[in-house]
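In: I would like to see how this sequence folds:
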Amino acid sequence: MIAALSLNEEGFLTDPAIWNEEIALAIARANQIEMNERHWVVVRYMRKDFQENGKAPTIRRITKNSGVDTKELYQLFPVRPGSTAAKIAGVPKPEGCV
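Out: Have a look, this model is predicted:
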């Protein structure tokens, strides 16, 4: 399924409007993330924040407002947590992410 999605060169959806939870699961699998409820807390927060503000939230914003602290965020998404979570959430790369 992931091959059929329109992704940019960094692996982010080119159209966040096509996102759904099935797509999120496919992207998570491609990034070696096994989703659990805490992952969904982050992903749903990122979707909501993106829809309200027009850009992906930073790690600081996620940890301040989602109920998931920095340590847990890094446990959930061990490799580039902000970027990986944004990919799964179907939102653009957060500002400041490398």
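In: let me see the backbone angles for the closest residue to Thr63 other than its chain neighbours.
Out: Closest residue to Thr63 apart from its sequence neighbours, by C-beta to C-beta, 6 or more residues apart in numbering: Thr70 at 4.8 Å. Every C-beta, even on glycine, is put in place using the N, C-alpha and C of the backbone. Thr70 adopts backbone torsions of phi -60, psi -50, taken as degrees, to the nearest 10.
In: tell me the spacing between Thr70 and Glu95.
Out: Applying C-beta to C-beta, to the nearest Å, the value for Thr70 to Glu95 is 18 Å.
In: and Leu73, by the same measure?
Out: Distance from Leu73 to Glu95, by C-beta to C-beta: 17 Å.
In: which residues touch Glu21?
Out: The neighbourhood of Glu21, defined by C-beta atoms under 8 Å, 6 or more residues apart in numbering, contains no residues.
In: which stretches of the protein have low pLDDT?
Out: 1-3, 97-98 (pLDDT under 70).
In: longest helix in it, by number of residues?
Out: Taking DSSP state H as the criterion, the chain has its longest helix at helix 37-53.
In: show me what contacts the spatially closest residue to Ala24 that is not a sequence neighbour?
Out: Distance criterion C-beta to C-beta, 6+ apart; nearest residue to Ala24, sequence neighbours excluded, is Ile88 at 5.1 Å. For Ile88, the contacting residues are 24, 27-28, 31, 33, 35, 39, 43, by C-beta under 8 Å, 6+ apart.
In: show only the entries of those residues found in helices.
Out: 24, 27-28, 39, 43.
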